[in-house]
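# Structure for the following, please:
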Amino acid sequence: MPKVVVIGGGWSGCAAAIAARNAGAQVVLLERTDLLLGCGLAGGIMRNNGRFTAAEELKYLGAPELIDLTDALSQHVGIDFPGHYHASLYDTSRVEPAVRKALKDKGVELRFVARAVGVSMEESDGEKPDRIRSVSLADGSVIHGDVFIETTGSAGSMGNCARYGNGCTMCVLRCPSFGPRVSLSHMAGCEESVGLRDGETYGSFSGSCELNKATLSPEIRQSLHDKGVAILPLEKHLVDEGILKLKACKQYAIPEFKQNLILLDTGARAKMMMPFFPLEKLRKIKGLERAMYEFSGGASNSVRFLARTHRNNALQAQGVANLFCAGEKAGLFVGHTEAMATGSLAGWNSVQQATGRPLLSLPDGLAIGDLIRHENQASTTMEGLTDRYTFSGGNYFNRMKRLDLYTTDPKAVETRVKAHGLYHVFLTAHGKKEKERHPMRA
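Model (predicted):
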């Protein structure tokens, strides 16, 4: 049984761990903090726009676990807000324990407060790609494995948030408590790219922050409870003309998100669709006179997209045979569904690599395959490095619609996946049903 080591416990790391277990591997997941999900602790939006299509693709490809879990924890389903339709909002206060239990039930070994800080490489003769032998942790321990998947994200350290943002805001990444993220791909000798903001500044601010729901007015809380959304018009002197340019989430760069403060109900907290908003200005808005932030605050937010690993369309890192990447490490991707999709593919391919079988590169006839391929090609250009890639909006969602990949019909998605010979591929232990599948070589 091959041993797969997943570094990073966000949505992509959790998806990779499940997929690798389903494919028959022993899996160890290393998480830097004491909680899983990372940015997913302050997220909550699923199935909006093209994410509905991608969620159904994941289920029919054989990676239903995390989609089913977030569906079950969604307290608002099929809601609309500006530019977004049929969204589900999962409860961010309940999701982490549920994901932790799901991983344990799968037999994934979870190691918390396990910050990976280095790699040990096997010597190469120059004819074959390098390989990782082990990763070392901040406490001095060493974790050996056959294959490694890096899903550490692309935000941090605190110095980068100060250099390219407005300083550390004690966000959900909690670098001051658990230490900053380290790029193991870079340590292993892989090339990396940096996402650009307006073609010159590195990185982007996370697109939202959290408000304590109890500090909002009864009227706003009632709207959140009943509709899942509250839209608060901004007086002209409170509008920040430049703030949308800072956001990682290009799908929200539309006038409605500049002229209004949009709140979404994500359980114990309200998700505010702005990277930050000065508290003194925030409290001038009717109903927010007592508002308090949780996690980040009114001055800044985490800066992301600072470390994209160069990889092929099977999510194998270039130059290191047994290293895969997913989530923001694998591209300038935005969103939980995007993380789950890349994580599932990386997890399954890790076992294929360990057992000497062909790697799977999803076809561009599937939205997930097209997203991975398109981002990989686009990010070789300066223009592509300033874009962000998500099923839920922006340039990529327009591409989905143009290519007729977007659908809200699950049966149509099932037919599409079966037509490519990939029905439940991720639920198949390695080596089985080879004649029923036609993996595209990376």
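
# Tell me where the stretch 251-400 of the chain has helices.
255-259, 279-282, 336-354, 367-378, 382-386, 394-402 (DSSP state H, counting those that start in this stretch).

# Go through those helices and find the least confident stretch.
Mean pLDDT is lowest for helix 255-259 among the helices of the stretch 251-400 of the chain, at a mean of 81.

# Could you export it as CSV, CA atoms only?
Output in CSV follows, covering the C-alpha atoms of helix 255-259 (Å, rounded to 0.1, in the frame of the first residue of the first chain):
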residue,chain,number,x,y,z
PRO,A,255,-20.8,47.7,-9.6
GLU,A,256,-23.3,46.2,-7.1
PHE,A,257,-20.5,45.1,-4.8
LYS,A,258,-19.1,48.6,-4.8
GLN,A,259,-22.3,50.5,-4.3
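
# so where's the stretch 151-300 of the chain shaky on pLDDT?
Applying pLDDT under 70 to the stretch 151-300 of the chain flags residues 241-253, 296.

# mind running it again at 80?
Counting by pLDDT under 80, the stretch 151-300 of the chain shows low-confidence ranges at 156, 198-199, 240-255, 295-297.

# returning to that earlier point: go through the helices of the stretch 251-400 of the chain and pick out the most buried.
Ranked by mean neighbour count, those are led by helix 336-354 with a mean of 30 (mean count of other Cβ atoms under 10 Å). C-beta here means a position set from N, CA and C on the backbone, and glycine is covered the same way.

# Against which helices or strands is that helix packed?
Applying 3 or more Cβ pairs under 8 Å, 6 or more residues apart in numbering; DSSP states H and E, one finds that helix 336-354 contacts strand 3-7, helix 11-22, strand 45-46, helix 51-61, helix 65-72, strand 147-150, strand 323-325, helix 367-378.

# rerun at 7 Å
Secondary-structure packing of helix 336-354 (3 or more Cβ pairs under 7 Å, 6 or more residues apart in numbering; DSSP states H and E): helix 11-22, helix 51-61, strand 147-150, strand 323-325, helix 367-378.

# From R51, how far off is the closest residue to L279 other than its chain neighbours?
Excluding the flanking residues, the one nearest L279 by Cβ to Cβ, 6 or more residues apart in numbering is G298, at 4.0 Å. Per Cβ to Cβ, to the nearest Å, G298 is found 29 Å from R51.

# With C39 instead?
15 Å.

# who's more crowded, these two?
A count of neighbours by other Cβ atoms under 10 Å puts R51 above the other of C39 and R51, at 29 against 24.

# hang on, the more buried one packs against F397?
No. Using Cβ atoms under 7 Å, R51 is not in contact with F397; the gap is 9.1 Å.

# what residues do those two have in common as contacts?
F391 (Cβ atoms under 7 Å, 6 or more residues apart in numbering).

# Now S120: phi and psi?
Here is the backbone geometry of S120 (degrees, to the nearest 10): phi -110, psi 130.

# quick one, strands of the stretch 51-200 of the chain?
Using DSSP state E, counting those that start in this stretch, the strands of the stretch 51-200 of the chain run over 74-81, 84-90, 109-111, 116-122, 131-137, 142-144, 147-150, 192-193, 196-197.

# which other residues reach the fifth one?
Spelled out, that is strand 131-137. With contact meaning Cβ under 7 Å, 6+ apart, strand 131-137 is reached by 5, 7, 114-122, 142-144, 148, 184, 188, 320-323.

# likewise the third one?
Contacts made with strand 109-111 from outside it, assessed by Cβ under 7 Å, 6+ apart, are listed as V27, V28, L29, L30, E31, L103, K104.

# Report the buried residues of it.
Neighbour counts over strand 109-111 (16 or more other Cβ atoms under 10 Å) mark L110 as buried.

# for it, the distance to its chain's centre please.
20 Å (Cα atoms, centre = their mean, to the nearest Å).

# try the longest one
Here strand 74-81 is found 20 Å from its chain centre; the criterion is Cα atoms, centre = their mean.

# And it, what does it pack against?
Packed next to strand 74-81, using 3+ Cβ pairs under 7 Å, 6+ apart, are strand 84-90.
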